[in-house]
Each structure stands twice: as structure tokens, then as C-alpha cells.
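In: sequence plus predicted model, see below.
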Amino acid sequence: VQLVESGGGLVQTGGSLRLSCAASGSIFSINAMGWYRQAPGKQRELVAVIISGGSTNYADSVKGRFTISRDNAKNTVYLQMNSLKPEDTAVYFCAASITTAQGMGVMVANDYWGQGTQVTVSS
């Protein structure tokens, strides 16, 4: 299973960016997909998550500005980021909890991570 992210870049304060993350491989089901971020010198933090039923959860710092969505047919999750602030600058990582079929009816759920994409918001 691979997660491939795209959409990062440099934007001015107040601008918008849209991140995408596509999952590929021998996927039986995707249980949840989400975005984390890590700024220099800080711990990785959860930004937003969407579970298989469509429920979403956001970090308080991005509520009302970021929207997570998912295209189940494409195994892709999106993060629409509006009203960006300099403190949103970080490497953004896609993460997913994915169940794969191991053969003989065995299903295994694992967490997978993308390689990260840089988002820089200039003041």
C-alpha cells in the first residue's frame, strides 16, 4: 500500500491550498484517512481525520478554515485549507488505516503514511 500526496506549496497569509492523498495497492477497505502536520521543532499533530462512515474531526486550530473530504471511488482524501496563517506552515503528512487481505480469509489492518508535503505560508 502506498500513499502519495500532492498539492503543497508556498502561499501568502489568507490564501488557500488543497492537498490530495491517493492510496494505492492491495486495499480491501480504508477505515480512516487523515492529515497530520509537523512544524520545525514541534511534535507531529493531528490536523483532520475522516472515517469510513464520513464523520470528521478537526484540530481546534483549523476548525472553520480547513475541510477534509474523501472520494471513496478513488481512495483519495483531500484537505482544503482556507484562510491560511503563518502558523500553518509545516510538513503535512497523509495517514490512513487500511485493511488488506493476506490470503486464506485473513484481514489485517495497518497504518500507512505518506512522504509528506511542505506547506509554507508567508506573512
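Out: Happy to help now that I have it.
In: count of residues packed around A96?
Out: 22 (other Cβ atoms under 10 Å). For glycine as for every other residue, the C-beta is placed from the backbone atoms N, C-alpha and C.
In: where does this protein have low pLDDT?
Out: Along the chain, the model assigns pLDDT under 70 to no residue.
In: residue at max distance from the center of the chain?
Out: M104 (31.6 Å; Cα atoms, centre = their mean).
In: state the phi and psi torsions of that one.
Out: The phi and psi values for M104, taken as degrees, to the nearest 10, are phi 60, psi 30.
In: pairing partners for the biggest strand by length in the chain, with directions?
Out: Using DSSP state E to define each element, the chain has its longest strand at strand 90-103. Note on strand 90-103: by DSSP bridges, its sheet partners are strand 29-38 (antiparallel), strand 106-113 (antiparallel), strand 117-122 (antiparallel).
In: in stretch 45-61, what's buried?
Out: Neighbour counts over stretch 45-61 (16 or more other Cβ atoms under 10 Å) mark V47, A48, V49, I50, Y58 as buried.
In: of these, closest to I68?
Out: Using Cβ to Cβ, A48 comes nearest to I68 of the buried residues of stretch 45-61, at 4.0 Å.
In: what's the helix or strand containing that closest one in contact with?
Out: In the assignment (DSSP states H and E), A48 maps to strand 45-51. When contacts are defined by Cβ atoms under 8 Å, 6 or more residues apart in numbering, strand 45-51 is touched by residues 31-38, 56-59, 62, 66-70, 77, 79, 92.
In: list buried residues within the residues you listed.
Out: Buried, going by 16+ other Cβ under 10 Å: 32-37, 58, 62, 66-68, 70, 77, 79, 92, out of the contacts of strand 45-51.
In: and the residues you listed, which two are furthest apart?
Out: Spatially, the most separated pair among the buried ones among the contacts of strand 45-51 is R37 and R70, at 18.3 Å (Cβ to Cβ).
In: I figured T56 was touching F66, is that so?
Out: No: with contact defined as Cβ atoms under 8 Å, T56 does not reach F66; the gap is 10.0 Å.
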